[in-house]
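Q: I'll drop the sequence and a predicted model, then ask my questions.
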Amino acid sequence: MAATRLTRSQVGRGIRHVRDVVAAENLTPIRWTRRDGFMFSDDPADWIEYDKR
C-alpha cells in the first residue's frame, strides 16, 4: 500500500480483479487460503492442464 499509495480497499479490489478476471482469462488455476494467500493450485492435474495450454 505504501509503495503504490493506494488505500487498503483499492489494493483488495485489485487483488480480487487479478484472481477473478486475469486468472480466468489465462486459465491459471489460482487458489487462495487465509494462511498462504494466493498460490498456484496444489493439484498436479491442474499443472499438467495449464502446461498443455
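A: It's in. Residues are numbered from 1 along each chain as shown.
Q: if you skip the residues just before and after it, what's nearest to R19?
A: I30 (5.9 Å; C-beta to C-beta, 6 or more residues apart in numbering). C-beta here means a position set from N, CA and C on the backbone, and glycine is covered the same way.
Q: which ones are touching that neighbour?
A: R19, A23, F38, M39, F40, S41 (C-beta atoms under 8 Å, 6 or more residues apart in numbering).
Q: Mind checking which residue lies nearest the centre of the protein?
A: R19 (3.8 Å; C-alpha atoms, centre = their mean).
Q: So that one sits against M39, correct?
A: No - R19 lies out of contact with M39 (C-beta atoms under 8 Å); the separation is 11.1 Å.
Q: Between these two, which contacts overlap?
A: By C-beta under 8 Å, 6+ apart, the residues touching both R19 and M39 are I30, W32.
Q: Can you list the low-confidence ranges for this structure?
A: 23, 26-29 (pLDDT under 70).
Q: now with 90?
A: Filtered on pLDDT under 90, the chain yields the residue ranges 1-5, 12, 14-53.
Q: Do you have the strands of it handy? List them.
A: For the chain, the strands defined by DSSP state E occupy 30-33, 37-40.
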